Structures are given as C-alpha cells and as structure tokens.
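>>> sequence and predicted structure, then a few things I'm wondering about:
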Amino acid sequence: MGGKILVTGATGFTGRALCERLVRNGEQVVVFARPTSQVDALRPLGVDLRVLDMADAGQVQAAFEPFGKIFHVAAAFRTEHDSLEEFRRANVTVTQRLMDATLKFGCGRFVHCSTVGVQGEIDDPPAAETYRYQPGDFYQQSKMEGEQLVLEYFRRGLVGAVVRPVGIYGPGDTRFLKLFKPIARRRFVRIGSGRSLYHLTYVDDLVDGFLLAGERPNAVGEVFTIGGARYTTLRELFDAIADALEVSRPTLAMPYWPVHLAAEIVPRLCRPFHVPPPIYPRRVEFFAKSRAFTIDKARRLLGYEPKVPLAEGLRRTGAWYRQMGWI
C-alpha cells in the first residue's frame, strides 16, 4: 500500500532520524507533534507538520487520512512525568487513539515503537522477545501496557509490528553524553565491578529495523528486538568509549552497595528543598543491571543486519559531541 507515511515522535532523536531517512527515500511524510514540542528543526525537512493533542480522539481523527504506513515512535520518557497515570496517557491512550484511527481510515501497516525496558533487568542474558515482562518503573510499566494493547489490536485485525530498540546512540543523541563527557575529561568513576552486560543500537541501524518491520510480509503481528551486533560488559563499553575518544581508559572505581545506599538517602534529603538530587537509585542501578538481548528473530524474519560496528558508532558519536563543543 502506497501513500503518505505518518511519523509520531519526530522531534525526538529516533523519530527525527527516521523522518530524515524517509524524506531521503522520496517519501511524503506527515508528522504529528504535540503543541509543546520544539518543531522548528523539522521544518527544513519539508514534512507535513500537524500539531495536535494525540490523546484527544477528535483531534486525531480530524488530522488523520488513509496513510500507507504509520510509525508510532512518540512516547513520554522518565523525566517527563511523575505519576503512572500521566505515563499511561502518553504511552497507552495515545497509542490507542492512533490505532483506532488506523482501523477507521483503512490505513496500511502500523509499526509501534516499544522498548526492551518492558523486560526490565535480564537475569539470564541474552533475552529473546519471548522473555518475561518485568517493568521496573512507571515509564516501563506504561510502555508494557501500550505494547500489550498493540498486540491485542493485532489479534483484532490491525496489521502491524512491534519494534523494541535496545540502548539507542549516535550523533544527535544527548543521553550518553553523561558517559562520554567524564571519560573524555578523565574523571569517570566506575561503580561496581563493571561485569554487568549492556547492549547498544546505532541509530541508523535502528532506522533500518523500523523500515524492515514496515515492509516485510512476515513481520506482521510480530515483536522484534532491534540492537547492535553484540553486547559488552560495562567495563568493555567504558574502555571502548575511551578508545573512540583517544583518551586513557578509566581505572577509578567505587564499590556498588555504599553508593546505592547513598542514592536511596540523598533524594529524600533533597526533596524538602526542591533540589534535584545529584544521585538517585536508577542512575546507580545502571552499573548493576544486565541488559543484553538476542537479535536472531529480526535477522531471521526481517533480514535485519546491523551495519555500524560498536567502535565506529562510538567514534562517530564522540566526534559529534566534540563538534558540538560538549566534550
């Protein structure tokens, strides 16, 4: 099915990369964006920008048309809300409104962006798509509920696929700056042994995965983990970042449990003063929880194959941070 392609979440890192690829491929792209979104960076792409509240069924229906494909990438992230209900509005209600409109207008394939976070910490890595759900916070809980709703709509006849990205990085991303910056300045302190596993996806490879999920016939009704070719220990990752930046590898380390205890206490001390805590449990738990996945299903059913090796992806990312003057 041809026609225009709808993308949500285009003001974010992943959604913008997807839009740029679609535009380069000659596609007509429509973007749904929230009224609070910073949309100026999208205007040079020449997309059809439609600003609306995607949780409002009437506004969604008014902005919809028989799109050839829908890539639903928009989501509320951890820093945006405090309550589960707020996350549900963004990550469940919005998804339902878009799927209802997709069915009503007779659109083509609906590709939903979920997250491997719905599976939480991986106890016996690497995890496949069938590994149990175990969300660890409100964001992951709402994304799990959104994914489960999508799968229910698939059973009702919606044609589509679910993509679960693992840690997304590359030029344009700012999330991993908190690792690159202290490593570049030789001030990075590892917490714990560094033996936990971590998995990354270079953004261009992720876009490949989205496009394949939107094209391949045997993607319909399926869930796919999209990640890089390999995962590493955290210590290997930190060393690889240092190598990419051409600085000495980090050697400073602190034991995990005392730092985690401090992370539990400090936010409580900061709360009465309305001061953002410099340390909190989720940031410390990054050093202890393993998140490693198999991409065999995407390889087998989609023909997905990551093209950017980890070392090259880290080099490109570090070079972009330097270009921006951040490291």
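Great, that's in hand.
>>> switch to C-alpha atoms for all contacts and neighbour counts from now on
Fine.
>>> how much space between Val116 and Val247?
Using C-alpha to C-alpha, to the nearest Å, Val116 is found at 31 Å from Val247.
>>> ignore the last one, Arg187
When Arg187 is compared with Val247 (using C-alpha to C-alpha), they lie 11 Å apart.
>>> Arg21 too?
For Arg21, the distance to Val247 - C-alpha to C-alpha - is 33 Å.
>>> does Phe77 touch Tyr139 like I think?
Yes - assessed by C-alpha atoms under 8 Å, Phe77 is found in contact with Tyr139 at 6.3 Å.
>>> before we move on, the earlier item: Val116 and Val247: which is more packed in?
Val116 (28 against 14; other C-alpha atoms under 10 Å).
>>> if I read this right, the more buried one contacts Pro165, doesn't it?
Yes - counting by C-alpha under 8 Å, Val116 does reach Pro165; the two are 6.2 Å apart.
>>> joint contacts of the two?
Common neighbours of Val116 and Pro165, using C-alpha atoms under 8 Å, 6 or more residues apart in numbering, are Thr225.
>>> any idea how far Pro309 is from Arg316?
Distance, Pro309 to Arg316, by C-alpha to C-alpha: 11 Å.
>>> looking at these two, which is more packed in?
Arg316 (16 against 13).
>>> tell me the gap between the helix or strand harbouring that one and the middle of its chain.
Here Arg316 sits within helix 310-323, counting by DSSP states H and E. Relative to its chain's centre, helix 310-323 lies at 19 Å (C-alpha atoms, centre = their mean, to the nearest Å).
>>> quick one: mean pLDDT over stretch 118-138.
Stretch 118-138 carries an average pLDDT of 95.
>>> residues of it that come out buried?
Residues of stretch 118-138 classed as buried: Val118, Gln119, Gly120, Glu121, Ile122, Pro126, Ala127, Ala128, Glu129, Tyr133, Pro135, Phe138 (neighbour count, 16 or more other C-alpha atoms under 10 Å).
>>> with stretch 209-219 instead?
Gly209, Phe210, Leu211, Leu212, Ala213, Gly214, Glu215, Ala219.
>>> about what we covered before: biggest separation within the buried residues of stretch 118-138, which pair?
Greatest spatial distance in the buried residues of stretch 118-138: Pro126 and Phe138, 23.9 Å, computed using C-alpha to C-alpha.
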